[in-house]
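Undergrad: next input, structure requested:
(one chain, ligands or ions: 1)
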Amino acid sequence: MRPELRAELLRRAERDQAARRSGNWQAAEQADAENLPWLRQVVTGNGWPGRSLAGEDGAHAAWLLAQHADRDPAFQRQCLDLLAAAAGKGEATPVQVAYLTDRVLLAEGKPQEFGTQAVGKDGHWVPSRLRDPGGVDQRRAAMSLGPLADYLAGIGRDLGPPASPVASCPECGEKFEFWLPDPGEEASVSCPGCGETITIRSSP
Ligand SMILES: [Zn+2]
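TA: Below you'll find the model as predicted:
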């Protein structure tokens, strides 16, 4: 056990969560930008910081930082491989593997497996692009996750209904609400001001 590593993991995860709780996305981005090279250094030097090295809560904090390492997809994928191997030795949890798997797959432009990543659509929380939706609860159960419908209802209880983003029409400037399509896909919206068809793309 490395108490100073555990303490630093907890400090960085707390900063990550405080920024996200306050809805301060600039602070969250700043935290992510500083946490990423630090985590890379930790992983390079120690391998995955699992339970034995960082304690239960420190290992959870390491997973959270990897979850938010989106700006370096290759590193995030490396974390997933290390995390999965660590879980095989009881150093990490299947739940952590499931969440990071979904995150990495979506970042790679592929559908997620476990439905852990949700987006707002038409006023409801729905899973981001998901492979074989009919089999998702079975896959979730194998990772110690409850049914997807319960998970999505829980997000609604915690966060309330999703707010739709607002954009301005490039033709007339009228503001309108829309729902983001799945990553890499397009949606067409009719401007309520001028009727112009506006195409909305979601970056993969
Ligand atoms: Zn318009």
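Undergrad: where in this protein is pLDDT low?
TA: Judged by pLDDT under 70, the chain has its weakly predicted residues at 183, 203-204.
Undergrad: give me phi/psi at Ala59?
TA: Dihedral angles of Ala59 (phi, psi; degrees, to the nearest 10) stand at phi -70, psi -40.
Undergrad: what's stretch 139-149 in contact with?
TA: Contacts with stretch 139-149, where a contact means C-beta atoms under 8 Å, 6 or more residues apart in numbering, come from 93-95, 97-98, 113-116, 127, 136-137, 151. Every residue, glycine included, has its C-beta placed from N, CA and C.
Undergrad: first-to-last residue distance for that stretch?
TA: 14 Å (C-alpha to C-alpha, to the nearest Å).
Undergrad: so which bits of it are buried?
TA: 139-140, 143, 145, 148 (16 or more other C-beta atoms under 10 Å).
Undergrad: out of these, which comes closest to the ion?
TA: Nearest to the ion among these is Leu148, at 37.2 Å by C-beta to the ion.
Undergrad: next, the nearest residue to the closest one once chain neighbours are set aside: phi, psi?
TA: In space, and not counting its chain neighbours, Leu148 is closest to Gly115: 4.5 Å by C-beta to C-beta, 6 or more residues apart in numbering. Here is the backbone geometry of Gly115 (degrees, to the nearest 10): phi 70, psi 20.
Undergrad: wait, Gly115 touches Pro127, no?
TA: Yes. When contacts are counted by C-beta atoms under 8 Å, Gly115 is listed as touching Pro127 (3.9 Å).
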